[in-house]
Structure formats: structure tokens, C-alpha cells
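# Predicted coordinates and the sequence they were generated for:
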Protein chains: 2
Amino acid sequence: MNKPLRVAVTGAAGQIAYSLLPRIAQGEVFGKDQPVILQLLEITPALKALEGVSMELFDCAPSTLVDVICTDDAEKGMGDADAVFLIGGMPRGPGMLRKDLIQKNGPIFRGQGAAIGAAASKGVRVLTVANPCNTNCLVTQFHAKGIDPKQFHAMTRLDHNRATSQLATKSGKAIASVKNVIIWGNHSATQFADASRATIDGKPAYDVLDAEWLRGDFRSTVAQRGKAIIDARGKSSAASAANAAIEHMQTWHHGTAEGEHTSMAITSDGSYGVPEGLICSFPVTVKNGEISIVQGLELSDWDKENLQNSVDELLSEREAVADLLK
Amino acid sequence: MNKPLRVAVTGAAGQIAYSLLPRIAQGEVFGKDQPVILQLLEITPALKALEGVSMELFDCAPSTLVDVICTDDAEKGMGDADAVFLIGGMPRGPGMLRKDLIQKNGPIFRGQGAAIGAAASKGVRVLTVANPCNTNCLVTQFHAKGIDPKQFHAMTRLDHNRATSQLATKSGKAIASVKNVIIWGNHSATQFADASRATIDGKPAYDVLDAEWLRGDFRSTVAQRGKAIIDARGKSSAASAANAAIEHMQTWHHGTAEGEHTSMAITSDGSYGVPEGLICSFPVTVKNGEISIVQGLELSDWDKENLQNSVDELLSEREAVADLLK
């Protein structure tokens, strides 16, 4: 039997975690032969509800679940963690500007980062799901002393999946037939969903679908999808966000398929003119846990403009938390 | 590629379905190479929220998902269905007696049964999750004209899993080391969680754990677990119920492992003195979709008394819906 992996999850009594945790416990992320210990972190008032979640995880009787630890102590939650899902954060309240949200969340992620640096395994892999996830990731990374910055990602897999399914639906083809969409930039309304390298049943998406739609409604539908879900369901996306978090971590663990890439928000190395150090979504391939940005893609002026627009937003977000990055 | 399976789910905008549907769409029940069409049934006021659920299912971009149909028309929802999860029902309100609950639910399941008989595939497999699930199953079965009664089950897998994890926790052993607990009777507080055939790491549970505990607190903890979850979480079990529904249908589809049984509430053939025709939980093995009650187990007087107590409740529930079974 493999040594158990320690998986820390923040916001563990919330809706996204409620969809995520049983699937981790059942071995969906790390494999059916990989035991896991779940380390669930919540704020103190949510500890009772968290105990209920822990009971339900045992009631799934998953063969890979070794133990569940419930705590409001960040260092205990992150103790020896091999993987971390940062899901908990301050949600956007009525009338709150994005800048306010960023500034409210900054100190939370400074704390999480410090706890990761102090207590997690040195090889820990951290996925930030809580919004604004790119900038929360930046703050976490900065404060996680002693951990390689490359080990911190933010999640654009939900956008990637949304883009994939939009292309399938529009073309009337199976979801599995759509490959290689790209999400560039920030996980926000400025993101750039790019179908220029996407294929549908092996054919370029631009040969199958209308270019005007691909450059217009496709992009805005993907970017505004979160709001459309809230309008319909009356609640924000939880199951699909959890699903994307599972798939992001699965891909990090098991790699991308030959000839395919996915989208991950990772630390920019300057590729495609994105300033070094920003947490930006790129097309990436993954092998043996190493992430490589897909290189050599030709970007049109229109592509560059779209990417720059999102990068500008990332820069302004970084500016809003500048005092937390010193 | 296999022909898609049509999977109907009622109460599809509710909490249990929200945990269930993404996992079905990802191929967890019928396999990663088995395409599925999800047929989601809800009451009219919930159709908008259901649309949001459908959007999120597509946003998971699951490779096995072919289509999602949302409807408030039972026959459309059950149309050509190969598998049905009956999750929607009238919940128990404050001050409502169990008998009232049974009588409120009866007509709902008469309607579901009629729709299954009229529209579903003749080989359909129906799992009743909504409580009182044994008696709801009985009503459904009665009204599903032209479908073999054996194709209707009620769910005690959640109780089975709870019992398994209680034995693991108490003995300090891995969940995977616990085999062959039995849930007898009704999915209610009268159920009989029986550890007399259970093994822990291959040893009889009664050799590993205290007999008094196994005959006392173990049983009551399993039977009262639903209430304990509500007390902690402030909401009823959804993720663990969905997980159990997945596992019940998985087992029906893929079978039990050699030397192992599970618990399913199925139509009694008179085994162990349970009146023929009652929907009662038994230890069963499954092979090629055929369910066999494990035969030849010696029941002590105490065992028989416990089983009879639950059977008596099932009989009184049947009496409460007698006018729906004519």
C-alpha cells in the first residue's frame, strides 16, 4: 500500500468542498490505490458543520480514506500537506467592488501562505480556487517561505471546460471530440477564451464553426457563465467548480494526454509577453508533475490585444495587494 | 462506442441529485466508456434551477455525457430509461408523523411508477432513494405495469456503508478491511445492522470488537446516523446518500466481488421468513445483473426478533398505502 497523501482543503464546510471531498475520498484525484488523509480547515463558527461533513465522508466508506482531520488552525490543517485546495475566502458581498474583494481576501491568503510555508511538505502542490484566484494565489505564494513558487497554481480549468462544452454544443458534436481550447489571462470577465488552436473531431474549430461567433458570443458566454449559473440556479457554481479542481489536480498528478494541452494559471516566465511573476492562465502540458507552457503559438494582433487586456487587469490586481507583497 | 444509456433522475434540482449527477456524468456508475443521456425530472417551479444544474453538468465537460433533458413531464423523463434514480419526494415536515409522510408520498410514487411502466425501457432498473424508500418502492413497482417487479430496489447502501465505517473506526482499521456487514429490514430506525457475518482484516467482527457494543451502540449509531448528520451539518445527508446511490447502481451493473455481499432492499421471495412481496433489505450478491439473497445464514433468536421488528414496520407501512396497491 502506498504511503497516504495528505490533502488539505480550506473552506471545507462550504458548497464547493461538499462536492469535492467525496470525490477525493473515493480516489478520483490521486488514484484508487492511493490512500489519502483529508485535512479540513474552516473558520471556528463552521467547525460543527465541518464535523457533519467529516461524518458523511466516513459514511461514503471510501476504501482510500485513511483519516479526516477537522481544524480551525491553519498550521495544523497544512501540516505535512502534499496537496492543498484553497477554496475558502471572503465572498463578494452586495455592492462590493472587485478591488474591495481583493483587499478583503489578501490577508486571508497571506495567512494561508504563511501556514503552508511553515507546515506543509516542501513538495506541496497548491491550487487556489477562491476568487480572485490569480491574485489570491500570488499572495499565498509570496508568503509561503521555502516553497518553490512553481508549486502554486490558480484555477482556470472551469473556464477551459466551459469553453470545451460550448464548442461541443454549438457544433452538435460529443464533448470528447473537442480538444485544445485555451484560456488566457485572469479567471475573470477579462479572460480570453481562444478557439484558434481548438479542434472538433480533429478539424480546426474555425473550419467547423462561424468565426464571428467564436470571436464574439463564444468568448462572452464562457466569461459570463458564472453569472448565468447564479441567475438560473440561484446559487453559484459549486459542483462544476469542484469538478474542475479535481481535474486540475488530476492533470498535475497524472499529466496531459499526448498531443493535448490544458489551461492552468501559473507563474509567468515571461512567455507571450506576460510579465514575469504574474499568475496568468496559459496553455500548458504536464508530464511527471512538471508544467510547460506551450511555446511558439502565433498570436494575431487581436489575440495579443485580448491577452493584454486581461494582463492589465492582473497588474492592477497586483497593485491592489502591493502592501502584502513586500 | 457503446449505445448511450438513458438515466432518469427525479428531484434532479435537489441536494442529493446535485452530488449525484456530476458523478454519473463522469462515468462513475456505468463506466468511463459508456455514454449516458441524463433525463432530469423536477416539479414545475424547480425547472429554472434545474436548467442551472444542466448547465453545470455540461461545464464539467464529461466525456461520457451525450445529452441532458430537463422536464416536468414524468413520461418524458422516464422515456426509454435504462436506469432510474427516484430521489424526489415530499420531505417530512415539522410535526409530521411517519404515517402522514407515507401517505403524502404514495401518490407521487404511483405517478412515477405509471410513467415508468408507460415509457421506460422494459429492462429498466429502478432505485428508490426518497423516503420512506421501501414503501415508495412498493407503490412504484405496483403501478409500473409490464415491468418485472425484480427491477425495483430501495436503498440501504447508505446504512451498509455507515455500518462498515463504524466498524473500521471502532477497530482502528482501514475501511477497506471491513467486509460483509448486513442491513436487514426497513431503511428506518428499525433497521437491523448485523455484524455477525462481518469481518475486519479477515477476522470475525465479534472476535475483534466487544459484543455488547456490536449488539447495542453500533446498531443504534447506524440507525440514528441521519439525525446525527442533520444535528451537525444543519442539513440532511446529501453527498453520502448520493454516494450510496452510485454504489448501489454500480454494484447492480458490475456485480459484487467474489466472497462479498452487499445490502439491498429488494422484493422478498420469502427468505428468512420475510413475507413475500415486501421490499426488505437483505444481504445479496450480484452477478450479471441478477440479485441473489445470501441463503443459509443461521439467525439467532435475537437476530430474528430484530428482523421481525423491522418487518412489522414494513407491514404497517404497506397497510398505510393499501388503497394505492389495489
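Now that the structure is in, tell me what you want to look at.
# Is residue A:169 part of a helix or strand, or is it coil?
Here residue A:169 is recorded as helix under DSSP: H, G, I helix; E, B strand; the rest coil.
# Going by neighbour count, list what's buried in the helix or strand where residue A:314 lies.
Using DSSP states H and E, the element containing residue A:314 is helix A:301-320. Buried residues in helix A:301-320, defined by neighbour count with 16 or more other C-beta atoms under 10 Å in any protein chain shown: A:303, A:306, A:307, A:308, A:310, A:311, A:313, A:314, A:317, A:318, A:320. All C-beta atoms are positioned from the backbone trio N, CA, C, and that covers glycine.
# among those residues, which two are most distant?
By the measure C-beta to C-beta, A:303 and A:320 form the most distant pair in those, at 26.5 Å.
# Let me know the closest of the buried residues of helix A:301-320 to chain B.
For the buried residues of helix A:301-320, the residue nearest chain B by C-beta to the nearest C-beta is residue A:310; the value is 20.2 Å.
# pLDDT at the closest one, what is it?
pLDDT for residue A:310: 98.
# Next up, the contacts around it.
Residues in contact with residue A:310 (C-beta atoms under 8 Å, 6 or more residues apart in numbering or on different chains) are A:184, A:185, A:186, A:188, A:190, A:191, A:192, A:280.
# Residues of the stretch 101-250 of chain A that sit close to chain B?
For the stretch 101-250 of chain A, the residues in contact with chain B (C-beta under 8 Å from any C-beta of the partner chain) are A:158, A:161-162, A:164-165, A:168-169, A:174-176, A:178, A:225, A:228-235, A:237-240, A:242-244.
# from the residues you listed, which ones fall inside strands?
residue A:178 (DSSP state E).
# Where helices are concerned, which of the residues of the stretch 101-250 of chain A next to chain B count?
Judged by DSSP state H, the subset of these located in helices is A:158, A:161-162, A:164-165, A:168-169, A:225, A:228-233, A:239-240, A:242-244.
# Got phi/psi on the residue in the stretch 51-200 of chain A that chain B sits nearest to?
Residue nearest to chain B within the stretch 51-200 of chain A: residue A:52 (2.9 Å; C-beta to the nearest C-beta). Backbone torsions of residue A:52, given as degrees, to the nearest 10, read phi -60, psi -40.
# hang on, it packs against residue B:229?
Yes: between residue A:52 and residue B:229 there is a contact at 5.3 Å, judged by C-beta atoms under 8 Å.
# Looking at these two, which has the bigger crowd around it?
Using other C-beta atoms under 10 Å in any protein chain shown, the more surrounded residue of residue A:52 and residue B:229 is residue B:229, with 24 against 21.
# Setting aside sequence neighbours, what's the nearest residue to that one?
residue B:237 (4.7 Å; C-beta to C-beta, 6 or more residues apart in numbering or on different chains).
# ok, that neighbour - how many residues close by?
25.
# Does it touch residue B:155 like I think?
No: Residue B:237 is not in contact with residue B:155 according to C-beta under 8 Å; the separation is 11.8 Å.
# What residues does residue A:157 make contact with?
A:244, A:245, A:247, A:248, A:251, A:262, A:263, A:264.
# Could you pull up phi and psi at the fifth one?
Same thing as residue A:251. Backbone torsions of residue A:251, given as degrees, to the nearest 10, read phi -60, psi -40.
# shouldn't it be in contact with residue A:263?
No: at 10.0 Å, residue A:251 and residue A:263 do not qualify as touching, with contact defined as C-beta under 8 Å.
# Which residue of these two possesses the greater neighbour count?
Neighbour tally, residue A:251 and residue A:263, criterion other C-beta under 10 Å: the higher count belongs to residue A:263, 29 against 21.
# list the contacts for residue A:132?
Per C-beta under 8 Å, 6+ apart, neighbours of residue A:132: A:98, A:101, A:102, A:105, A:186, A:187, A:188, A:317.
# what do you get if the cut-off is 7 Å, keeping everything else the same?
Residues counted as contacts of residue A:132 (C-beta atoms under 7 Å, 6 or more residues apart in numbering or on different chains) are A:98, A:101, A:102, A:105, A:188, A:317.
# Which pLDDT value belongs to the fifth one?
Going back to what we said before, that points to residue A:188. Taking residue A:188 on its own, its pLDDT is 94.
# could you say which helix or strand contains it?
Short version, using DSSP H and E: residue A:188 is in no helix or strand.
# how much space between it and residue A:41?
Residue A:188 sits 25 Å away from residue A:41, going by C-beta to C-beta, to the nearest Å.
# More neighbours: which of those two?
residue A:41 (32 against 20).
# What is the longest helix along chain A packed up against?
With secondary structure taken from DSSP H, chain A has its longest helix at helix A:98-119. Counting contacts by 3 or more C-beta pairs under 7 Å, 6 or more residues apart in numbering or on different chains; DSSP states H and E, helix A:98-119 is packed against helix A:74-78, helix A:133-143, helix A:301-320.
# Of all the ones you listed, which one is nearest residue B:205?
Per C-beta to C-beta, nearest to residue B:205 of those: helix A:74-78, 32.7 Å.
# Please narrow the contacts of residue A:310 to those residing in helices.
Using DSSP H, none of the contacts of residue A:310 sit in helices.
# Report the contact partners of residue A:135.
Going by C-beta under 7 Å, 6+ apart, residue A:135 touches A:102, A:317, A:318, A:321.
# please redo it, this time with the cut-off set to 6 Å
A:102, A:317 (C-beta atoms under 6 Å, 6 or more residues apart in numbering or on different chains).
# Distance check, it against residue B:248.
Separation of residue A:135 from residue B:248 (C-beta to C-beta): 44 Å.
# Show me where chain A dips below the pLDDT cut-off.
Applying pLDDT under 70 to chain A picks out residues A:1.
# Which parts of it belong to which domain?
With automatic domain parsing as the criterion, the domains of chain A are listed as A:5-154, A:157-318.
# deepest of those domains, which one?
The highest average neighbour count among the domains of chain A, using mean count of other C-beta atoms under 10 Å in any protein chain shown, belongs to domain A:5-154 at a mean of 21.
# Now do the end-to-end distance for that one.
From its first residue to its last, domain A:5-154 covers 21 Å (C-alpha to C-alpha, to the nearest Å).
# Check stretch A:267-283 too.
12 Å.
# and the longest strand anywhere in chain A, what does it pack onto?
Secondary structure of chain A per DSSP E: the longest strand is strand A:279-287. When contacts are defined as 3 or more C-beta pairs under 6 Å, 6 or more residues apart in numbering or on different chains; DSSP states H and E, strand A:279-287 sits against helix A:133-143, strand A:182-184, strand A:262-267, strand A:290-293.
# neighbouring contacts of that strand?
When contacts are defined by C-beta under 6 Å, 6+ apart, strand A:279-287 is touched by residues A:134, A:137-138, A:154, A:156, A:182-185, A:251, A:255-256, A:261, A:263-265, A:268, A:274, A:291-294.
# Hey, what's the angle from that strand to helix A:157-171? Just curious.
80 degrees (axes from the mean of the first three to the mean of the last three C-alpha atoms, to 10 degrees).
# what's the angle between strand A:279-287 and helix A:133-143?
80 degrees.
# need the strands for the stretch 1-150 of chain A, in chain order.
Counting by DSSP state E, counting those that start in this stretch, the stretch 1-150 of chain A has strands at residues A:5-10, A:36-41, A:65-71, A:83-86, A:125-128.
# Pull up the pairing partners for the second one, direction included.
Under the criterion DSSP bridges, strand A:36-41 sits next to strand A:5-10 (parallel), strand A:65-71 (parallel) in its sheet.
# Now do the longest one: everything it contacts.
By that I understand strand A:65-71. A:4, A:25, A:35, A:37, A:38, A:39, A:40, A:50, A:51, A:54, A:57, A:77.
# The shortest one too?
Applying C-beta under 6 Å, 6+ apart, the contact partners of strand A:5-10 are A:17, A:24, A:30, A:36-41, A:77-78, A:80-88.
# How far away from the center of its chain is it?
The chain centre lies 15 Å from the centre of strand A:5-10; the measure is C-alpha atoms, centre = their mean, to the nearest Å.
# who's in contact with the residue lying closest to residue A:89 once chain neighbours are set aside?
Distances taken as C-beta to C-beta, 6+ apart place residue A:130 nearest to residue A:89, at 3.2 Å, with adjacent residues excluded. Counting by C-beta under 6 Å, 6+ apart, residue A:130 touches A:86, A:87, A:89, A:136.
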